[in-house]
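# Sequence and predicted structure below; questions after.
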Amino acid sequence: MHDHAGSVVQSHPYFPQDAVVPGYAPNSSPLPVILGAFGLLIGVFLSTCVALAKWHSPAIKRVDQLTVAWFALCGFLHVFFEGYFVLNHAVLPSSQSLFAQLWKEYSLSDSRYMTSDPFMLCIETLTVLTWGPLSLLAAFLAARDRPAERGIRHLLQAVVCVGHLYGVALYYGTCGLAERMRNLSYSRPEPLYYWGYYAGMNAPWAVAPWLLLWQSAKAIRRAFREAAKVEEGKKQL
């Protein structure tokens, strides 16, 4: 398309409206179909992980089952979904694969995923290579729940939680500063996209890590106390 001055105008639904989204093609599948397929995929993956955890550790506590599910979810999203973005960011706008259509839908709340934004590529690559594998390892250790491994489990859990909190702070912060300092919004103005997609879908990574970090802090503190008691006992012998 061209405007009255003869310049090219991008035909896409993303904001800012002058964003360059090469080769954009609307999704070929209805949104309920896309979300349903993705939800089923995640449901099967998480159910399998929790079932394997219960099979390996029949006495596993409910809270640890939830921990396994959380880190399995993080690992799945980081490695596969965000990994897909890192590998295919240049062709996402024109692709009709399930993950590409999901990214095109989510990008209505953050168009940086459609423009190969350098910051997003950097942060997502780090996420795929570090927090993805470490999240899956955290899920594995939580599923095993062996006393001898609880120290490394909670240390790893704390590290991953801090990483998630740091990442979500950067994510919210960069958009917030762009809006405040440059009057630039990457989200469409409808509440669904800003509050539902952008704010709501990322909110769990601003809440769950705090809860798990508190759990790990208590476990590590308890371990140090027990170690201190052992040392005191040895001195008294």
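Happy to help now that I have it. Here the structure is a predicted model, which is why all the values come from computation and not from measurement.
# For Val63, see how far away Trp131 is.
22 Å (CB to CB, to the nearest Å). The way it works is simple: take the backbone N, C-alpha and C, and place the C-beta from them, glycine included.
# which of the two has more neighbours?
Trp131 (23 against 12; other CB atoms under 10 Å).
# can I assume Trp103 is in contact with Gly83?
No. Here Trp103 does not reach Gly83: they are 11.8 Å apart, not a contact under CB atoms under 8 Å.
# neighbour-wise, which of those two wins?
Remark: of Trp103 and Gly83, Trp103 carries more neighbours, 22 against 18, as counted by other CB under 10 Å.
# which residues does that one contact?
By CB atoms under 8 Å, 6 or more residues apart in numbering, the contact list for Trp103 reads 84-85, 92, 113-114.
# One more pass at 7 Å, please.
The contact partners of Trp103, by CB atoms under 7 Å, 6 or more residues apart in numbering, come to 85, 92, 113.
# and if you look at Asp64?
Shown in contact with Asp64 (CB under 7 Å, 6+ apart): 142, 145.
# quick one: what helix or strand has it in it?
Assignment of secondary structure by DSSP states H and E places Asp64 within helix 62-76.
# before we move on, what about Ile42?
helix 31-56.
# Give me the angle between that helix and helix 62-76.
Orientation check (axes from the mean of the first three to the mean of the last three CA atoms, to 10 degrees): helix 31-56 against helix 62-76 gives 130 degrees.
# For helix 31-56, buried residues please.
Residues 34, 38, 42, 45-46, 49-50, 53 are the ones in helix 31-56 that count as buried (16 or more other CB atoms under 10 Å).
# and what of stretch 194-212?
For stretch 194-212, the neighbour count (16+ other CB under 10 Å) marks 194, 197-199, 205-206, 208-209, 212 as buried.
# What's the mean pLDDT across it?
Per-residue pLDDT over stretch 194-212 has a mean of 96.
# Equivalent analysis for stretch 29-38, please.
97.
# which residues sit against it?
With CB under 7 Å, 6+ apart, stretch 29-38 has contacts from 27, 98, 101-102, 105.
# What of stretch 189-197?
Residues external to stretch 189-197 that are found in contact with it (CB under 7 Å, 6+ apart): 106, 108-109, 187.
# Point out where the chain drops to low pLDDT.
Low-confidence segments of the chain (pLDDT under 70): 1-10, 227-237.
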